[in-house]
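**Q** Fold the stuff below for me.
(2 chains)
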Amino acid sequence: MADAPVVDLHAVRRSFGSQLALDDLTFTASAGTVTVLLGPNGAGKTTAVRMITGALPAEAGEVRTFGLDPAVDGEAVRRRCGVVAAKPALYDRLTGWDNLVYAAELYGLGADAPIEESAARFGIDHALDLRVGGYSTGMKTRLALARAVLHGPDLLLLDEPTSGLDPESSRAVLHMIDQLAAQGRPVVMCTHRLLEAEGLADQVVMMEDGRTLVAGSPDELVRRVWPRPSVVVDAENRASLDAVASLAGVVSVTPVGGPVRVELDDASRVPDLVARLSLDGARLTRVTPHEPTLEELYFAVRSGALREPVAVG
Amino acid sequence: MSAAVAVRRRPRASRGSRVLIVARTDLRQLYQSPDFWVPMLVLAGFFFVVAPAGLLWGVTHLSGNDLVQKMGSTLSVLPGSARSAINQRAPHASAAVKASYALAVYLFAPLAVIVPMTISTAVGANCLVGERERGTGEFLSHSPATERELYIGKLIASLVPGYLTTLVGFAIYSLVVNLIVGPHVGGWFFPTEQWWLLMFWVVPPFLAITLSVVLRLSARVKSAAASQQASGLVTLPAIVLAYAQSSGALFSHGIGNAWVGLAAWVVAVVGLHRGARAVTRARLLGVDGDLG
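**A** Numbering: from 1, shown residues only, chains lettered A, B, ... in the order given. I've put the predicted structure just below:
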């Protein structure tokens, strides 16, 4: 059971009226990993989070969180989850302290609830005696994060946690999430910001129209979309790069702005490629391995480079 | 940050019933909203103190006035049991004093109904749709609290302000009545037996019936404004019914009123039980029927 996924959604379907929000959604999230649900607005990310805690039941398919069915054991599941919603969902008329006390009490914590510690962890302890209505967006997000971890959840679900934040606050929040994951807490995070997921995700679940387009680790997905090694090549005289396509081992050449991305059949071809271009008079200014960003991966997948769901977990 | 208000009190978290936790937090928010409760206090103050005190003082002290004389003659429209009770209490009193007694004991009864229903309806109409509008429904729907706990918590939070205001108002009203009318009818006489029945047996179930409808509306409608409007309309018949019943409770005696009160309690329990089903997590999230 040690390897059982913390979250396991299989062929989950949910609609709202005539609108299909989730359609055959399948993914798993394992212990100690950060899983990023990536997709445009309306992809079904928020609904997926709501399914995980049992806040909404699935119409079809199977949802398991900690091995439990949230539709049946909702209370037990929700007690172990910490959720930060897309809107901070705080009580504006109450102080930050009162908001945390309310959460502590609902989750069954007593007088020893680590309210000050949670607030200090997210740098909001100085404002606990102020009414939340006077908080900035960044302060609200920090308080919502403090509230989400107050009861020591076994799973963190973060829905667009940096929404509305300035870059500095966003960075701080992402750093905090990274720290939480480093402590072994599994995190499922929704975002449509690709840069945010970059470097944070152990697993990416790309969603579109309520379905899983692909799921897997970023490296794994990159290998699937771009199975062959690539290098980005640039030269003082870019016309000298026209001959690249005819060289041995070159599978394809794609312009990327000024430079070109050269796909090779094997990484060992690179020294020969450089030597050949130099012999032909090209004055190379750049030869670097191509490491696709999540953004490139995302658009490649959405353009149809990889459509079949990938089983992971 | 300019709008932030420093508050020093830091209550510790306590373990307990989630129903009471929800109710207490809602009441705490209400307490933090003077823009809401100050008008309600003014309303209660007017109905329980200002209007009765003014009328009763006027009637007992301005006995030569034509209007007061006419009010005295209206005693004849009261039921025989009421006229008999007045005559027993103050057989030799002037018509004006008897009129003030009738006003105090019989004709202000509806106040005891209107005030709690108005206040509790205003609180209840906002309590569930308000969570959805503020986005805090998301927090509650992901919390371990069950829908029933949330419902009962909200019910208590809606009931307490109205009923508490009414009880306090009732106490003050009793004082006012005894101080103004008492000296003319041989001492303190209020509350009468019928008023005890009204306050503790008739008003609570009607309040509960009203709230069972209001909370159901609050769970279903799209906005707080719509909830307020719909609640006002829907509770109007309940207020009329309660008004009639409250008057009846005072004008008559016997076991009949106790039975009517019992019937109201039964309806209230059934209504509340059915109303609990209106609270769902989907509705708290605002995705009941369409994408929120």
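
**Q** Report the residue spans of the stretch 201-313 of chain A with pLDDT below the cut-off.
**A** Applying pLDDT under 70 to the stretch 201-313 of chain A flags the ranges A:305-313.

**Q** which stretches of it form strands?
**A** Counting by DSSP state E, counting those that start in this stretch, the stretch 201-313 of chain A has these strands, from start to end: A:203-208, A:211-216, A:230-235, A:250-255, A:260-264, A:284-289.

**Q** These: which one's closest to chain B?
**A** Closest to chain B of the strands of the stretch 201-313 of chain A, according to C-beta to the nearest C-beta: strand A:203-208, at 15.1 Å. All C-beta atoms are positioned from the backbone trio N, CA, C, and that covers glycine.

**Q** Parallel or antiparallel, list what pairs with the closest one.
**A** According to DSSP bridges, strand A:203-208 has the following sheet partners: strand A:34-38 (parallel), strand A:211-216 (antiparallel).

**Q** could those be laid out in a markdown table, adding mean neighbour count?
**A** Below are those laid out as a markdown table (neighbours: other C-beta atoms under 10 Å in any protein chain shown):
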| stretch | mean neighbour count |
| --- | --- |
| strand A:34-38 | 28 |
| strand A:211-216 | 23 |
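
**Q** Quick check on A:A201: phi, psi?
**A** The phi and psi torsions at A:A201 (degrees, to the nearest 10) take the values phi -80, psi 130.

**Q** Just to check, it is in contact with A:P218?
**A** Yes: applying C-beta atoms under 8 Å, one finds A:A201 in contact with A:P218, separated by 5.9 Å.

**Q** Mutual contacts of these two, please.
**A** Jointly contacting A:A201 and A:P218 under the rule C-beta atoms under 8 Å, 6 or more residues apart in numbering or on different chains are A:L294.

**Q** tally of neighbours for the residue nearest to B:S17 when sequence neighbours are not counted?
**A** Distance criterion C-beta to C-beta, 6 or more residues apart in numbering or on different chains; nearest residue to B:S17, sequence neighbours excluded, is B:E149 at 7.9 Å. The tally of other residues near B:E149 (other C-beta atoms under 10 Å in any protein chain shown) stands at 23.

**Q** How about the contacts made by B:E149?
**A** By C-beta under 8 Å, 6+ apart, B:E149 lies in contact with B:S17, B:R18, B:V19, B:V22.

**Q** If we only consider those residues, which is nearest to B:W37?
**A** B:W37 has its nearest neighbour among those in B:V22, at 18.8 Å by C-beta to C-beta.

**Q** Quick one: classify that closest one as helix, strand or coil.
**A** helix (DSSP: H, G, I helix; E, B strand; the rest coil).

**Q** Pull up the gap between it and B:A258, please.
**A** When distance is defined by C-beta to C-beta, to the nearest Å, B:V22 is 33 Å away from B:A258.

**Q** neighbour count winner among those two?
**A** B:V22 (26 against 13).

**Q** quick one, what contacts the more buried one?
**A** By C-beta under 8 Å, 6+ apart, B:V22 lies in contact with A:L106, B:A145, B:E149, B:L150, B:I152, B:G153, B:K154, B:A157.

**Q** The residue in the stretch 51-200 of chain A that chain B sits nearest to - how many residues pack around it?
**A** The nearest approach of the stretch 51-200 of chain A to chain B comes at A:G134, 3.0 Å away (C-beta to the nearest C-beta). The number of residues packed near A:G134 is 17, by other C-beta under 10 Å.

**Q** Then the one 5 residues further on?
**A** The criterion is other C-beta under 10 Å. On that basis, A:M139 has 23 neighbouring residues.

**Q** one step back: neighbour-wise, give me the winner out of the contacts of B:E149.
**A** Across these, the neighbour count under other C-beta under 10 Å reaches its highest value at B:V22, namely 26 neighbours.

**Q** ok so, going back, which one of the strands paired with strand A:203-208 lies closest to A:D24?
**A** A:D24 lies closest to strand A:211-216 among the strands paired with strand A:203-208, at 5.7 Å (C-beta to C-beta).

**Q** got the contact list for the spatially most central residue of chain B?
**A** With the centre of chain B defined as its mean C-alpha position, the nearest residue by C-alpha atoms, centre = their mean is B:P116, 1.1 Å away. B:P116 makes contact with B:G162, B:Y163, B:T165, B:T166, B:V203, B:L207, according to C-beta under 8 Å, 6+ apart.

**Q** Grab the nearest non-local neighbour of it.
**A** B:G162 (3.7 Å).

**Q** what pLDDT, on average, does the host helix or strand of that neighbour get?
**A** Secondary structure here is read from DSSP states H and E; on that basis B:G162 sits in helix B:147-180. Across helix B:147-180, pLDDT averages out at 92.

**Q** what about the closest residue in space to A:R211 that isn't next to it in sequence, which SS state?
**A** Of all residues beyond its chain neighbours, the one nearest A:R211 is A:D23 (5.2 Å), with distances taken as C-beta to C-beta, 6+ apart. Using three-state DSSP, the secondary structure recorded for A:D23 is strand.

**Q** okay, now A:D23: neighbour count?
**A** By other C-beta under 10 Å, the burial measure for A:D23, its neighbour count, is 18.

**Q** and it, what is it in contact with?
**A** If a contact means C-beta under 8 Å, 6+ apart, then A:D23 has A:R13, A:G44, A:D209, A:G210, A:R211 as its contacts.

**Q** Residues of the stretch 151-300 of chain A that sit close to chain B?
**A** Applying C-beta under 8 Å from any C-beta of the partner chain, we find that the stretch 151-300 of chain A lies next to chain B at A:L157.

**Q** Show me the helices in the stretch 151-300 of chain A, by range?
**A** Under the criterion DSSP state H, counting those that start in this stretch, helices of the stretch 151-300 of chain A are mapped to A:167-182, A:194-197, A:218-225, A:270-279, A:294-302.

**Q** Could you dump these into a markdown table with mean neighbour count added?
**A** Output for those, formatted as a markdown table (neighbours: other C-beta under 10 Å):
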| stretch | mean neighbour count |
| --- | --- |
| helix A:167-182 | 16 |
| helix A:194-197 | 19 |
| helix A:218-225 | 17 |
| helix A:270-279 | 14 |
| helix A:294-302 | 18 |
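
**Q** These into JSON lines, with extra columns for distance to B:S120?
**A** Formatted as JSON lines, the entries for the helices of the stretch 151-300 of chain A read as follows, by distance: least, C-beta to C-beta, whole Å:
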{"stretch": "helix A:167-182", "distance to B:S120": "41"}
{"stretch": "helix A:194-197", "distance to B:S120": "46"}
{"stretch": "helix A:218-225", "distance to B:S120": "55"}
{"stretch": "helix A:270-279", "distance to B:S120": "77"}
{"stretch": "helix A:294-302", "distance to B:S120": "52"}
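
**Q** quick one: B:S120 from B:T166, how far?
**A** 9 Å.

**Q** Which pLDDT value goes with B:M1?
**A** Looking at B:M1, its pLDDT reads 44.

**Q** Ok, B:V267 next?
**A** We note a pLDDT of 93 for B:V267 in this prediction.

**Q** same check, this time on A:A2
**A** pLDDT, the model's per-residue confidence, is 50 for A:A2.

**Q** cool, B:G64 as well?
**A** In the prediction, the pLDDT value recorded for B:G64 is 65.

**Q** now B:A6
**A** Confidence score, pLDDT, at B:A6: 50.

**Q** What is the burial count for residue 96?
**A** Let's take chain A. When neighbours are counted by other C-beta under 10 Å, A:G96 comes out with 30.

**Q** wrong one, I was asking about chain B
**A** Neighbourhood size, B:A96 [other C-beta under 10 Å]: 21.

**Q** can you pull the buried residues of the strand or helix carrying it?
**A** When elements are assigned from DSSP H and E, B:A96 belongs to helix B:95-102. Under the neighbour-count criterion of 16 or more other C-beta atoms under 10 Å in any protein chain shown, helix B:95-102 has B:A95, B:A96, B:V97, B:K98, B:A99, B:S100, B:Y101, B:A102 buried.
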